[in-house]
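Enquirer: Return a 3D structure for these sequence lines:
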Amino acid sequence: MTWHSQKFTRHWRTHIKVLDLYHLRELVRRSQCTQTLTVNWKSAPEAGKGGIRVVSLLNETTRIEYSGEERQDFLFDESFAGVRHLIPDEDDYEFNPTVTTTRLLCKHITQPECLVRGKFEVDLEANLEWNYAFAFKTDTTNQTLFSLRSGDSISEVRLENDFFIRTDGGVPVAVSHLSDATWHTVIVKHSEPDSHFLKIDDFPEIELTKSIIDDTDKTVTLTISVNGNIQLIDPTDTNDDCMYSFDKPQKRLQETVSTRSMCVGCGCSKLSGTFDGLSKCDEEEEGAFSLRRDLDRLSFLHFEDSFDVDSNGAAIPAISTNFKSDSDVGLIFFGYWQNFNGKGRLQVYYHYDSISAVYCKHAEEKDEECSGCTLKNPRGFGRDEWIQTILWGGGDEIYLAVDSSVCRLQSSVNISLAEVYAIPQISQGAGLFVGGTWHEKKRRGLYRSEAEQKYFENTREKAPVLRGCVKDVFVRGAKVDISSSFDAQKEAMLNEVYDSNAFAVRKDCQKCQPSCLENTRCRSQGPLQSSPMICDCADELQFNSSEGICEKKRDSTPVALSTAFLSQNQIVLDIQNTKAVLSKVWLKFALPKQINQAQRIANWISWTIVSIFFSFNGGHRWIDGWHTVVSDIGKLVLNNVSVSAAETEDEWSSVIVHDFGLSYEYDEHFAVLHPSNVIHQVDLHSQLLPYQIRAPDLSKSGILDDSLWQKPVFTSETEGGAPILESSPHGDIVDFTADIIEPEQLLSGRWIIYSVGLTILLCLLILVCVVCYWCVLRPRSMRRTDSGSQRTIMRDSPDYAPVKMRRESLSGVSMGDDDGSIGTDDTDLQAYRDIPSHRVKIYRESMVSILVPSIDQPAEAAIVKRTNSTISDQTSVRPQDSHAPLVRVNDD
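Expert: Alright, predicted model coming up:
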């Protein structure tokens with residue numbers, strides 16, 4: 001059997017999936033790669049059996065045998081990384097182990113000889129298809145990346161405002177944060193007449209605005225001049241390990257010496273033309289404030305005079321903050337402005353996997369005009385990790401940036417304003433709410449009436465409060481002191497200025513002790529501010545223990561959903577009533593080897609709102625790692641879960657359940673004081689075990705591979721300019737393909753150079769042989785042929801004999817210098833005309849040999865032959881007398 005590894009993580013920029021085996025091998029050869037392989041033996045094999053051979057992409061072989069341990073982990077690196085083949089000693093041996101691998105993680109090695117600091121030029125053919133790749137690293141906000149020049153025409157590509165690419169003064173294209181002092185890959189290519197394209201990392205291609213005319217007599221010069229480092233990664237460079245002479249006509253180098261060190265981490269600023277010292281620091285939490293959702297307390301940060309407003313009544317935002325939240329929905333910014341030129345509002349909020357920005361303005365009593373854009377991340381934004389959000393720009397160029405992703409707000413009639421708050425009616429000037437805003441849910445007597453009249457919107461709470469932490473707030477492009485601003489906010493809005501409980505806002509972020517594992521959120525256990533902080537183990541499909549740590553199910557025994565293993569064919573598991581809301585349901589199971597009929601596995605939610613079943617005629621589709629979201633699942637009441645058992649005989653034909661559970665989270669609006677309204681999980685798998693009359697054979701049930709249920713791990717495509725992630729697929733079982741000698745090495749750079757050199761050498765050898773033949777051997781042969789008074793012409797076949805010619809007919813032969821005609825008497829010409837099926841062409845030469853049949857000899861053909869290297873026509877004759885002599889006729 002063969003398992004194809006097709007995933008490769010390239011640390012230039014992002015995750016990629018490589019389908020080309022040859023290309024994948026070249027990447028592994030040039031990189032530092034690692035991969036972990038896990039081998040599980042469900043039962044101990046017999047001595048000397050159960051072994052497997054692991055063959056890597058580069059044909060390195062590792063033999064693994066049973067060592068007495070149920071599980072073994074192997075870390076492969078260098079040429080052993082990248083598992084391609086798994087070859088068991090015996091294909092059908094029942095005690096063969098189960099093998100799983102992690103992703104193939106590779107980090108490109110920067111070669112010192114390929115590193116350029118300065119300017120590099122390469123000449124490319126103007127009229128041919130080509131592409132040239134290089135990598136760059138910079139921390140400069142605005143600069144020229146490269147240019148293309150052919151004759152008098154030149155096209156320039158610039159990096160502007162960290163996130164944008166502008167070609168020849170055209171409209172800037174939003175790409176990503178490119179000045180972050182990390183490596184980015186660039187491919188410049190020419191594939192259409194007079195058109196050139198640019199591709200950066202995994203983002204869509206950008207066509208250069210100015211065309212470079214294709215001229216067969218000219219070349220296109222690519223000049224790379226990054227203010228930072230350039231890594232030469234193009235195959236034309238790396239095939240020679242970049243050890244070529246830079247004084248070649250097609251490549252030139254002009255290095256510069258820079259003493260400035262490049263920024264690292266928090267020292268790397270963004271949008272330096274708009275913000276002062278804007279950067280992203282995930283590790284530091286100094287100055288952070290936490291916000292909670294409360295039934296009768298407001299929770300937000302408010303800043304006065306937050307925007308400049310232009311003459312058209314439009315605000316010019318320059319705002320930013322870092323936030324982290326455990327909730328799937330929340331408000332980040334709500335801004336407003338109102339003066340004699342006009343009024344408007346803006347809002348940035350997130351819901352599950354999308355962050356949206358909306359910008360609306362009224363000018364001179366016109367209708368409200370709105371623009372917006374959305375950035376997506378399949379992992380969602382409520383993952384308890386710091387996320388930087390920036391909104392800036394003016395006029396028709398307003399942008400939203402979330403970490404390294406960016407989008408431009410564009411006008412559209414389809415922009416939804418359902419979750420956007422209204423402009424405060426009596427407020428003047430400009431203001432900004434961060435993390436929440438004023439809404440109807442509040443306790444009377446806490447807040448000043450004039451503040452309530454100024455900001456209150458008598459509608460439902462729309463985008464809810466950001467449940468989490470905020471820090472590093474920038475207003476008008478400058479960082480503000482949150483602590484002093486919050487003090488001013490309390491003084492302006494509270495009846496009791498020193499009431500520390502009037503706002504559901506606290507200094508510092510709350511933490512879990514002990515700290516949570518990776519990909520597990522630290523959350524409040526309940527809706528009350530006094531609730532302790534816990535790790536939500538359901539994020540990793542696990543259960544919270546009484547000690548506050550995460551653990552897997554209590555009993556790992558699989559359950560076979562078969563009447564041969566269960567005491568009932570329909571099992572109903574009652575769910576204890578709770579005031580918490582349903583959050584997640586998971587089921588990990590192994591499908592039978594053969595499906596003979598449709599089978600329902602489980603129903604939950606009353607009235608069978610949600611169910612899982614499979615059918616044998618449903619097509620071949622794997623569901624490993626499949627995630628979906630059921631809208632408003634928290635509003636559904638879960639009374640019980642019904643599990644069905646099929647009439648099957650053994651483990652191979654049965655569904656095997658390995659893990660079955662569900663989780664709840666607290667309700668923020670109702671029954672906040674009820675003790676059951678807390679985060680908790682229910683282990684349904686343990687409730688199934690008492691109904692099992694006998695346990696399935698573990699050697700026939702397979703093992704539980706938790707990696708199949710991990711969150712999305714690698715990039716597959718792009719949407720709106722941002723990479724989109726998807727679940728990692730399993731390996732395919734296919735026929736083994738022997739690969740002892742790597743045929744794809746024939747495509748490597750060194751082999752191509754070697755093969756081209758060998759071809760040239762062979763061509764030269766053949767050319768020498770041809771020249772020797774024509775210049776030496778053939779003239780000697782001709783001299784030997786011309787010697788003596790009797791000359792002969794050899795036939796192509798022994799069946800053809802020479803034709804005897806009459807001596808008296810020779811006197812009629814004459815050579816004309818003008819037309820090359822030959823004179824003969826009438827008798828000879830008549831004999832030649834008797835051959836109807838042949839033509840004879842006669843060329844003017846210094847010496848011509850003519851063979852014509854004799855009058856007294858029957859003839860079928862004649863031959864006219866040039867004495868130099870060109871033979872015009874040659875035909876054969878079959879005479880009656882095969883022994884007639886030949887006569888050579890010369891012009892002398």
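Enquirer: from the chain's centre, how far out does the helix or strand containing Leu764 sit?
Expert: According to DSSP states H and E, Leu764 maps onto helix 749-772. Between the centre of helix 749-772 and the centre of its chain there are 41 Å (C-alpha atoms, centre = their mean, to the nearest Å).
Enquirer: same deal with stretch 106-115?
Expert: A distance of 21 Å separates the centroid of the chain from that of stretch 106-115, by C-alpha atoms, centre = their mean.
Enquirer: can you give me the helices in this structure?
Expert: Assigned by DSSP state H, the helices in the chain fall at 21-29, 235-238, 449-455, 482-493, 684-688, 698-701, 749-772, 778-786, 826-833.
Enquirer: what about dumping the CA coordinates of the fifth one to PDB?
Expert: Spelled out, that is helix 684-688. Taking Å, rounded to 0.1, in the frame of the first residue of the first chain, the C-alpha atoms of helix 684-688 are listed here in PDB:
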ATOM      1  CA  LEU A 684     -22.600  10.400  26.100                       C
ATOM      2  CA  HIS A 685     -20.100   7.700  25.300                       C
ATOM      3  CA  SER A 686     -19.900   6.600  28.900                       C
ATOM      4  CA  GLN A 687     -23.700   6.400  29.000                       C
ATOM      5  CA  LEU A 688     -23.700   4.000  26.000                       C
END
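Enquirer: same for that helix, what does it pack against?
Expert: Judged by 3 or more C-beta pairs under 8 Å, 6 or more residues apart in numbering; DSSP states H and E, the packing partners of helix 684-688 are strand 570-574, strand 656-665. In short, each C-beta sits where N, CA and C put it, glycine included.
Enquirer: In CSV, list those strands along with distance to Leu582, mean neighbour count and mean pLDDT.
Expert: Shown next, in CSV, are the helices and strands packed on helix 684-688 (distance: least, C-beta to C-beta, whole Å; neighbours: other C-beta atoms under 10 Å; pLDDT from 0 to 100):
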stretch, distance to Leu582, mean neighbour count, mean pLDDT
strand 570-574, 15, 13, 89
strand 656-665, 6, 22, 89
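Enquirer: mind showing which ranges of the stretch 351-500 of the chain have poor pLDDT?
Expert: 364, 441, 457-459 (pLDDT under 70).
Enquirer: cutoff 90 now
Expert: Residue ranges of the stretch 351-500 of the chain with pLDDT under 90: 352-353, 362-369, 378-380, 395-396, 411-419, 422-429, 438-462, 497-500.
Enquirer: Now do the strands in it.
Expert: Taking DSSP state E, counting those that start in this stretch to define them, one finds strands in the stretch 351-500 of the chain at 354-363, 369-376, 387-394, 397-402, 405-408, 410-411, 429-434, 468-475, 478-479.
Enquirer: Generate CSV for these, with mean neighbour count as supplementary columns.
Expert: Below are the strands of the stretch 351-500 of the chain laid out as CSV (neighbours: other C-beta atoms under 10 Å):
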stretch, mean neighbour count
strand 354-363, 20
strand 369-376, 20
strand 387-394, 21
strand 397-402, 21
strand 405-408, 21
strand 410-411, 11
strand 429-434, 22
strand 468-475, 22
strand 478-479, 13
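Enquirer: For Leu198, which of those strands is the nearest?
Expert: With C-beta to C-beta as the measure, strand 405-408 is the member of the strands of the stretch 351-500 of the chain nearest Leu198 (16.9 Å).
Enquirer: Restrict stretch 57-64 to CA atoms and write it as PDB.
Expert: The C-alpha atoms that make up stretch 57-64 are tabulated as PDB, following Å, rounded to 0.1, in the frame of the first residue of the first chain:
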ATOM      1  CA  LEU A  57       9.800  11.300  -0.700                       C
ATOM      2  CA  LEU A  58      13.600  11.100  -1.200                       C
ATOM      3  CA  ASN A  59      13.600   7.300  -1.100                       C
ATOM      4  CA  GLU A  60      15.100   7.000   2.400                       C
ATOM      5  CA  THR A  61      13.800   3.800   4.000                       C
ATOM      6  CA  THR A  62      13.200   3.200   7.700                       C
ATOM      7  CA  ARG A  63      12.100  -0.100   9.100                       C
ATOM      8  CA  ILE A  64       9.800  -0.100  12.200                       C
END
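Enquirer: which residues sit against it?
Expert: By C-beta atoms under 8 Å, 6 or more residues apart in numbering, the residues outside stretch 57-64 that reach it are 5, 21, 24-25, 28-29, 39, 51-56, 72, 74, 76, 79-84, 97, 739-740, 742.
Enquirer: And it, what's buried?
Expert: Across stretch 57-64, burial judged by 16 or more other C-beta atoms under 10 Å covers Leu57, Leu58, Ile64.
Enquirer: of those residues, closest to Phe197?
Expert: Using C-beta to C-beta, Leu57 is the member of those that sits closest to Phe197, with 30.5 Å.
Enquirer: The residue nearest to Gly445 when sequence neighbours are not counted and Ser449, how far apart?
Expert: Spatially, and ignoring its direct neighbours in sequence, Gly445 is nearest to Asn495 (6.6 Å; C-beta to C-beta, 6 or more residues apart in numbering). From Asn495 across to Ser449, the span is 9 Å (C-beta to C-beta, to the nearest Å).
Enquirer: Likewise for Ser642?
Expert: Ser642 is 56 Å from Ser449, by C-beta to C-beta.
Enquirer: thinking again about what came up before, and the helix holding Leu764 with helix 21-29, angle?
Expert: Angle, helix 749-772 to helix 21-29, by axes from the mean of the first three to the mean of the last three C-alpha atoms, to 10 degrees: 120 degrees.
Enquirer: can you pull the buried residues of helix 749-772?
Expert: Neighbour counts over helix 749-772 (16+ other C-beta under 10 Å) mark no residue as buried.
Enquirer: Equivalent analysis for stretch 532-541, please.
Expert: Within stretch 532-541, the residues scored as buried using 16+ other C-beta under 10 Å are Met533, Ile534, Cys535, Asp536, Cys537, Ala538, Asp539, Glu540, Leu541.
Enquirer: coming back round to it: pick out whichever of Ser642 and Ser449 has more residues nearby.
Expert: Ser642 (15 against 10; other C-beta atoms under 10 Å).
Enquirer: excluding its backbone neighbours, what's nearest that one?
Expert: That would be Asn603: by C-beta to C-beta, 6+ apart, it lies 4.5 Å from Ser642.
Enquirer: now do Asp353
Expert: Counting by C-beta to C-beta, 6+ apart, Asp353 lies nearest to Gly380, which is 5.0 Å off, once chain neighbours are set aside.
Enquirer: Repeat that for Glu156.
Expert: Glu156 sits nearest to Ser147 (C-beta to C-beta, 6+ apart), 4.6 Å away.
Enquirer: burial measure for that neighbour, as a count.
Expert: Residues lying near Ser147 (other C-beta under 10 Å) number 17.
Enquirer: so how far is Val122 from it?
Expert: Using C-beta to C-beta, Ser147 is found at 12 Å from Val122.
Enquirer: any shared contact partners between these two?
Expert: Contact criterion C-beta under 8 Å, 6+ apart; residues shared by Ser147 and Val122: Leu222.
Enquirer: before we move on, back to that, the contacts of stretch 57-64, buried ones only, as a ChimeraX selection?
Expert: Applying 16+ other C-beta under 10 Å to these, the buried members can be selected in ChimeraX as follows:
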select :5,21,24,25,28,39,51,52,54,55,56,72,74,76,80,81,82,83,84,97
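Enquirer: out of the contacts of stretch 57-64, which are inside strands?
Expert: Mapping these onto strands (DSSP state E) picks out Val39, Ile52, Arg53, Val54, Val55, Ser56, Gln72, Phe74, Phe76, Val83, Arg84.
Enquirer: Among those residues, which one sits closest to Tyr691?
Expert: Val39 (32.8 Å).
Enquirer: Now do the same contact list for the closest one.
Expert: Counted by C-beta under 8 Å, 6+ apart, Val39 has contacts Ile52, Ile64, Arg71, Gln72, Asp73, Phe74, Pro97, Thr98, Val99.
Enquirer: Could you rerun that using 10 Å?
Expert: Residues near Val39 by C-beta atoms under 10 Å, 6 or more residues apart in numbering: 50, 52, 54, 64-67, 69-74, 86, 97-100.
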